[in-house]
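# pasting the sequence and the predicted coordinates here, then a few questions.
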Amino acid sequence: MNLEFNKNDDAMRLAVSQMKQRHAVISMGGGKKAMDKAREKGKMAPRERIQYLIDKDSVFTEIGAFTGYDMYKEHGGCPAGGTVAGLGYVCGRQCVIVANDNTVKAGAWFPITGKKNLRMQEIAMENNLPVIYIVDSAGVYLPMQDEIFPDKEHFGRIFRNNAQMSAMGITQIAAVMGSCVAGGAYLPIMSDETLMVEGNGSIFLAGPYLVKAAIGEDIDIQTLGGAKTHTEISGIADYKFDTEQECLDQVRRIMDKTGEQPRMGYDRAKPALPLKEASEIYGLVSPANNKSFDVVDVIKCFVDKSEFDQFKEDYGKTIVCGYARVDGWAVGIVANQRKIVKSGKGEMQMGGVIYNDSADKAARFIMNCNQKKIPLVFLQDVTGFMVGSRSEHSGIIKDGAKLVNAVANSVVPKITIIIGNSYGAGNYAMCGKAYDPRFIYAWPNAKIAVMGGEQAAKTLLQIQVASLKAKGEIIEPEKEAAMLKEIVDKYDSQTSAYYAAARLWVDEIIDPAQTRSVISEGINAANHSQTNKEFKMGVFQV
């Protein structure tokens, strides 16, 4: 191994370690005191509930762990968006699992909580996966009700989705282990089956205090809407249990008897491990995203037998396209090439930049994968499209539009991994969030922005300096340097993987060594879908 590899390896391992440390803090939810208080009531933590529910030794792919990261500081924060969620296996069936975290503001919904829950329902609807809700929530976080209540993608959309999923034949099971208040009370009742834990579980439109204020009636929580009330009197719940464990055991029994659905039929052979170690991936990419590397070496760290069949290998070299298998699944891979390469015309081409020929090649490859029903994997490390008179005169906008058209209209599953930079229109062309990837993940070193930090900071600095000079101010070099540093620091913080994950621009930040696993789980989920659309490109410039 060379010195550069070792430096990259050390830095990436440090970044992964930092990510895991931050995740450990997030996993504590509202903190030890809040967790201890919940345990006194016989409650498990949300991640404990999920681990008890899923099959032993199975994979749980968490989604949105960094949701809300560093947000809502004035409200005490909202770790993981107040909800723990992901893909897990229950009695061998892949499910979407959504668990409220009652230790975070009693499980109340912040604006980002709504966005996360809607994202989980979107995953279930796109992939035809059963949903298990583990309910323990005080409802909307009232100090921010105007940002969560009335709009199309706010709280009420959850119940609209409940209805639509039911009509689609998607199984929904709600295990009520704590509060389920106001509008939130509709979620378990719009699910197929509702289970409740006696003493802790409750469902009602208005709690005792509001009932007292509205109609003057004095009543306690359990009499108003506890498990006994709803299984013996109202009939809106189907089962009651003494403990959370018994409740989750029944969820497993229900899932065990649920019938299989038809599959999309994406090709899967017997899985084979890569010839390279997954950890080799750490040494290949600079965590600063400023060094060239051969993306084919990265690909060989996670594909079966490290075999990768390149498409048009000697043409359009700043995008690498080719066929491989990941954990047995056939995939088409579209990856930005950061290595500086020579074009067919003998010109040097910058790594990470999309040129006319590479856009043209990638569009054709995406069309081929749709023709053959092969899922697509995008590896993003892109600084944008090539600019300048030569590119413009050659029709870079036309070729870029062709690629965007192919990505936008693709009907096979698309899974995006941001392994480095994701800037400008390159983010769109390489299937960023706006282009509906089934799943989108980021490595800890990922950066997402309209342009690179250095270019953006210098542009913003020029604007600020010009404005101050127009007012007659004299800008000393020291002041200009301080202004530049302030801009760079702010811009860098807003381009980080954590900033993106907090706002759900990506589903999760992952250890690069997990790349193979998340791709496999994503295609397995997509294989459950029953939507078989025809691939059409529409009108584009040729």
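Ah, there it is. Numbering: from 1, shown residues only.
# residues near the spatially closest residue to residue 108 that is not a sequence neighbour, how many?
Nearest non-adjacent residue to residue 108, counting by CB to CB, 6 or more residues apart in numbering: residue 141, 4.0 Å away. (Glycine included, C-beta is placed from N, CA and C.) Other residues within reach of residue 141, judged by other CB atoms under 10 Å, total 23.
# who's in contact with residue 141?
Residues near residue 141 by CB atoms under 8 Å, 6 or more residues apart in numbering: 75, 105, 108-110, 113, 148.
# ok, of these, which one's closest to residue 188?
Distance to residue 188, by CB to CB, is smallest for residue 109 among the contacts of residue 141, at 15.1 Å.
# who's in contact with that closest one?
Here residue 109 is in contact with 82, 117, 137, 139-141, 148, 155, 184 (CB under 8 Å, 6+ apart).
# any idea what it is bridged to?
Beta bridges link residue 109 to residue 140, judged by DSSP bridges.
# against residue 47, how distant is it?
Look at residue 109 and residue 47: by CB to CB, to the nearest Å, they are 19 Å apart.
# coming back round to it: now the buried members of the contacts of residue 141.
105, 108-110, 113, 148 (16 or more other CB atoms under 10 Å).
# residue 226: which of those residues is nearest?
Using CB to CB, these come closest to residue 226 at residue 108, 20.4 Å.
# roughly how far does the closest one sit from residue 184?
Residue 108 is 10 Å from residue 184, by CB to CB.
# can you pull the residues that touch both of these two?
Joint contacts of residue 108 and residue 184 (CB under 8 Å, 6+ apart) are 137, 139-140.
# by neighbour count, which of those wins?
Top of the shared contacts of residue 108 and residue 184 by neighbour count (other CB under 10 Å): residue 137, with 28 neighbours.
# once you drop chain neighbours, what's closest to it?
Closest to residue 137 by CB to CB, 6+ apart is residue 107, at 3.6 Å.
# check residue 399 too.
residue 359 (4.1 Å).
# now swap in residue 159 and tell me
According to CB to CB, 6+ apart, the nearest residue to residue 159 is residue 186 (4.7 Å).
# which residues touch the helix or strand harbouring that neighbour?
Using DSSP states H and E, residue 186 sits in helix 186-189. Helix 186-189 has contacts (CB under 8 Å, 6+ apart) with 133, 135, 158-159, 162, 174, 176, 180, 194, 203, 236-237.
# what is the nearest of the residues you listed to residue 338?
residue 158 (41.1 Å).
# the closest one looks like it's in a strand, true?
No. Counting by DSSP: H, G, I helix; E, B strand; the rest coil, residue 158 is not found in a strand; it is helix.
# what's the burial count for the residue nearest to it when sequence neighbours are not counted?
Nearest non-adjacent residue to residue 158, counting by CB to CB, 6+ apart: residue 117, 5.9 Å away. When neighbours are defined as other CB under 10 Å, residue 117 has 26 of them.
# with residue 92 instead?
Neighbours of residue 92 (other CB under 10 Å): 10.
# so who does it touch?
Residue 92 neighbours (CB under 8 Å, 6+ apart): residue 55.
# give me the distance between it and residue 54.
Taking CB to CB, one finds residue 92 at 11 Å from residue 54.
# check residue 26 too.
Residue 26 is 19 Å from residue 54, by CB to CB.
# quick one: which of those two has more around it?
Neighbour count, other CB under 10 Å: between residue 26 and residue 54, residue 54 has more, with 22 against 19.
# what distance do you get for that one to residue 129?
14 Å.
# likewise residue 525?
In terms of CB to CB, residue 525 sits 6 Å off from residue 129.
# for residue 530, same thing?
11 Å.
# who has more neighbours, these two?
Shown here are residue 530 and residue 129; by other CB under 10 Å, residue 129 has more neighbours (25 against 12).
# please name the residues that touch that one.
By CB under 8 Å, 6+ apart, the neighbours of residue 129 are 87, 94-96, 123, 170, 525, 528.
# you'd agree it is in a strand?
No. Counting by three-state DSSP, residue 129 is not found in a strand; it is coil.
# what residues are shared contacts of residue 525 and residue 129?
87, 94, 123.
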